[in-house]
Each structure stands twice: as structure tokens, then as C-alpha cells.
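In: Let me see the structure of the following:
(one chain, ligands or ions: 2)
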Amino acid sequence: MGNLKIHPLLREIANIFIASGKEVYLVGGAVRDLLLGREAVDWDIATNARPEEVIGLFRKVIPTGIKHGTVTIRYKGRSVEVTTFRTESGYSDGRRPDRVRYAATIEEDLSRRDFTMNAAAIKLPEGSLTDPFGGRDDIKRRLIRCVGNPAERFAEDGLRPLRALRFASQLGFDLDEATHMAIRGALPTTAKVASERIRDEIDKIIASPNPVRGFRLMEETELLHLLLPELAACRNVDQKGYHRFDVLDHSFLACGYAAEKGFSREVRMAALFHDIGKPAVRRPGENGIWTFYNHERESGKLAFEIMDRFRYPNAVIEKVLRLIKEHMFHYEDNWTDAAVRRFIIRAGEELIPELMQLRLADTAGTTGTAPDPAALLPFTKRIEKVLAQNRALSLKGLAVNGRDLLAAGVAPGRHVGIILNELLEAVVEDPELNNREKLLEIAGNINKRYL
Ligand code: ATP
Ligand code: MG
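Out: Ligands and ions are numbered 1, 2, ... in the order given. Presented below is the predicted three-dimensional model:
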């Protein structure tokens, strides 16, 4: 095979290393991308130059991971991660290497890497391949295979099994059989991995083009039972009378549709978790058909526990929970404008597009086929119409504010807010009430309750 095509800027950077007698290689995902015939986006470089030497070679270097031998070069608008050749030894806690030791050769550095497809290097600047573990062939066969003995490699770092599934989701690759088989035995090691590291991989699965591939592999290997037992419990919870899928397949299908359509991470997560409360609330109903009353509340509770456990940012948690809580909306043409306004207020105007996307995903998961988005048109048109009326849908839209209430004799304190919210309710019901005079009169009446 001839040399691979190297970006001119990368060659320029490499030549700075070469000029001071150092070796430099492109490694990791960038090599994988080039071997797949794609353009490499993130540039990771390995070198025998020590971090301090790299800092001496370039004007702008950020010490991003100096403990692990990594610095980031800023060069003509690009960032390049540079890591000194390393070997790793001893992961006694299954979390992170006990110590980092520098290695002398690229081969040694490659041998500590997780999968063959991630353990090939391209020598810079010329672009020749160093591939001691057959990474190129595995990429051609679309196989994820551990470097060396899978059980040993997983025992060193319990995150690796999940990384394998993440790559399967991102790349559409299969797992080599021995690698697949070794995951189960490594579950106790994976159980010790820091939850943030797990979350980052789960996040990448969710954001990938094919999250369901990763989740099905998680189920097969029992990573699902370890990491997301609430979801694993949805297997064989049948929904006869509603549709033909059990709750787990339904959730997978919904999430898969959301990914296929490029919906946001929050919609994908809500699609995955929206029915997760069903096993807990299921009760025998008539004719052998289960009932699932109030499952959205239980789903929200469990989804919170999961996202909290993995330390998701609060903004993500809040949005996913709101989507789950509101996912059962059921619009009919005979809703009054006030009912539509109440819906908008409860869901939050900005959340409505994603709530509609969640509904489409939910439908896809029920029928197993692509839903017709036009089914939602009557409701979305109605919402637009009600929004266009420009009526008060939040405290900001009220004709009076807290200061007005104080001026009118309401005593300062908690019930100023309570009164404002009651006024909003009244105005949502009857927009004609939204004028200063009327509202102050109503406020006066409410206030009597607090005197
Ligand atoms: P991408 O950046 O596209 O997600 P990547 O392969 O570059 O994919 P990174 O997580 O950035 O993945 O890791 C860079 C490289 O470091 C990997 O290709 C692999 O060689 C090595 N690596 C990362 N994490 C591990 C690990 N837990 N065990 C062994 N090697 C690892
Ligand atoms: Mg990378």
C-alpha cells in the first residue's frame, strides 16, 4: 500500500518535530478515519519528545494532561493533541493506570491501546503505516478486536467493553467473537469505573447514528443489567392490547427513530426512558391486558435516578424529565383555547417542537414503521394560532407585576408570587381579564385570604 494522504498543515507540524530529531506519528481515531477513506477530524499525535520538549518547540502549548504525558499544540487555528510514547502498567482499581511510564518506541506505545483499529499509526510526515496488530484488515472487515488477550485488556480497564460498543454504534462495526465473549467476565471491573467516564461513552452511543446497535449489544453482554438495570427490566414486559413490542424493544425503536431523524440528545434520551416506569406500575386489567396508569410519573422518577447517578448536567436532566412528564399529551379538536394555553404553559413553549418529535418517536416505536408527521399538524397549527393571539402565557405577560400589587396594599412576602400565579391562571382561562384594573380587583379579593 502506498502512503496515505497527509494534510499539509499536519506535515508542517510534523517537520518541526523532525527538525529536532524527534519521531512523530498520527494515532488513534485520525488513523481509523483515514483508513476508512474519511477525512481525519481530530488530530492525535504520538512522539518520543517529552512534554517539556514539545513545549519548547511550539509557541502556543496548553498543558492539557501533562500528568499523562499529553499537551495540546495550538497551530494556525488548529489544535493537536500530542502524547509522549507511553506504556501503562497496573490498573489495580480498574479505573486509571497507577502510573504512567514513557516508552521508547511507537510499537510499545501502540501495544497499550484498546482495539486493533485504534492501534495503528501513520508515520509523519511521509504517511507510511505502522500496523503491528492488523488494524487495517480489521477495519476492512469492520471488526472491533482487542489488542492482545481481551480478558486481560478488559481487566486492566473496565471502560474498554463499553468503548467497544460505543465504536460499534458510531462506526456500524461488529465485535470480534473473543472480544464479545470477554465482556461478561469483565463486568465486575466495569462496575468499578468512575460514573463520569461511563456517562461519556453512553452519551456517545446516544449521539451516534445507531444507538440501538450499542444498546442491543449492551443487553446481550449484560452491560445493560449492570449499568441501566431499570431499562433491562423492561424486557418481556408485554404491551398486548396496545402494540406488539415489549417495553424494551419499544424504547429501542423510539430511540432509534429519534437518532435516524437527527433529533437532539434530550429527545433521544426521553425516547429511551419515557416508558421505563412501566414495569413498576403495571397492574392486571381486563381481558388479560395490563394497565400502566401514571407510568410517566414513575418513568420520570427512574430517569432522574439514572441521570443523577451518571452526573448528567442539570439542564439536560431537567429537559429530559419535562419531555417524559408531558409525553402522554392527547390533543383533540374540541379543546378550548384555554386548554391549549394551559398545555403550552405546562410544557413550556420552547419545549414543544421536541415534545412533538418525541411523540413521533413514540409512535415509531409502537408501530415499528415510520410515522406520518402530518398527524401532528392539527395540534401544531392550533398551538400556532393560540400563540399568535399573543395572550399572557407567563407572569411577564400579565398587565400587573409584583410592584403593582405592593402599591395596591398587598403585604410583601411569599404570597405576592402566589397571587401573581393565580392571576395568570385566571387570565389563561379568560384573556379579557388581562387589564390592570380588573387584575388589581381580583388581587384584592385573593389578598383577603391572607389578611
Ligand atoms: P474519537 O476521538 O473519534 O472518539 P478515538 O479513537 O480518538 O475516537 P479517544 O477516546 O480520543 O478515541 O482515544 C484516542 C486513542 O487513545 C484511542 O484510539 C486508543 O488508541 C487510545 N485509548 C483511549 N482510551 C483508551 C483506553 N481506555 N484503553 C486503551 N486505549 C485507549
Ligand atoms: Mg480522539
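In: For the protein, what lies in contact range of ligand 2?
Out: Remark: the part of the chain in contact with ligand 2 comprises Gly28, Gly29, Asp42, using CB under 5 Å from the ion. For the C-beta atoms, the positions are set from N, CA and C on the backbone; glycine is no exception.
In: Now which of the residues you listed would you call buried?
Out: Among the residues of the chain next to ligand 2, those scoring as buried are Gly28, Gly29 (criterion: 16 or more other CB atoms under 10 Å).
In: my read: Val41 touches Gly28, true?
Out: No. At 11.3 Å, Val41 and Gly28 do not qualify as touching, with contact defined as CB atoms under 8 Å.
In: hmm, back to that, export the residues of the chain next to ligand 2 to JSON lines and append columns for pLDDT.
Out: Converted to JSON lines, these look like this (pLDDT from 0 to 100):
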{"residue": "Gly28", "pLDDT": "95"}
{"residue": "Gly29", "pLDDT": "94"}
{"residue": "Asp42", "pLDDT": "91"}
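In: Pro125 is in contact with His7, isn't it?
Out: No. Counting by CB under 8 Å, His7 is not a contact partner of Pro125; they are 10.2 Å apart.
In: Those two: which is more packed in?
Out: Under the criterion of other CB atoms under 10 Å, the comparison of Pro125 against His7 puts Pro125 first, with 18 against 15.
In: In contact with the more buried one, which residues?
Out: Pro125 sits next to Ile6, Leu10, Arg11, Ala14, Asn15, Ile18 when contact means CB atoms under 8 Å, 6 or more residues apart in numbering.
In: Return the per-residue confidence for Asp430.
Out: Per-residue confidence (pLDDT) for Asp430: 89.
In: what are the ranges of the helices in the stretch 51-200 of the chain?
Out: For the stretch 51-200 of the chain, the helices defined by DSSP state H, counting those that start in this stretch cover 51-57, 106-111, 135-141, 150-156, 160-171, 177-185, 187-190, 195-207.
In: Looking at these, which one is packed in the most?
Out: For the helices of the stretch 51-200 of the chain, the largest average neighbour count (mean count of other CB atoms under 10 Å) is found in helix 160-171, namely a mean of 24.
In: Quick one: list the elements packing against that one.
Out: Based on contacts counted as 3 or more CB pairs under 8 Å, 6 or more residues apart in numbering; DSSP states H and E, the elements that helix 160-171 packs against are strand 143-144, helix 150-156, strand 174-175, helix 177-185, helix 195-207, helix 211-221, helix 223-227.
In: how about a cut-off of 7 Å?
Out: Using 3 or more CB pairs under 7 Å, 6 or more residues apart in numbering; DSSP states H and E as the contact criterion, the secondary-structure elements in contact with helix 160-171 are strand 143-144, helix 150-156, strand 174-175, helix 195-207, helix 211-221.
In: so it versus helix 195-207, what angle?
Out: Between helix 160-171 and helix 195-207, the angle formed by their directions is 20 degrees, by axes from the mean of the first three to the mean of the last three CA atoms, to 10 degrees.
In: who's in contact with helix 160-171?
Out: Defining contact as CB atoms under 7 Å, 6 or more residues apart in numbering, one finds that helix 160-171 is touched by 114-115, 144, 153-154, 173-175, 179, 183, 186, 190, 198, 201, 204-205, 208, 210-211, 213-214, 217-218, 221, 223.
In: hmm, 6 Å instead?
Out: For helix 160-171, the surrounding residues in contact (CB atoms under 6 Å, 6 or more residues apart in numbering) are 114, 144, 154, 183, 186, 190, 201, 204-205, 208, 210-211, 213-214, 217.
In: do stretch 315-326 as well
Out: Residues from elsewhere that reach stretch 315-326, judged by CB under 6 Å, 6+ apart: 266, 269-270, 274, 296, 299-300, 303, 307, 347, 351, 355, 358.
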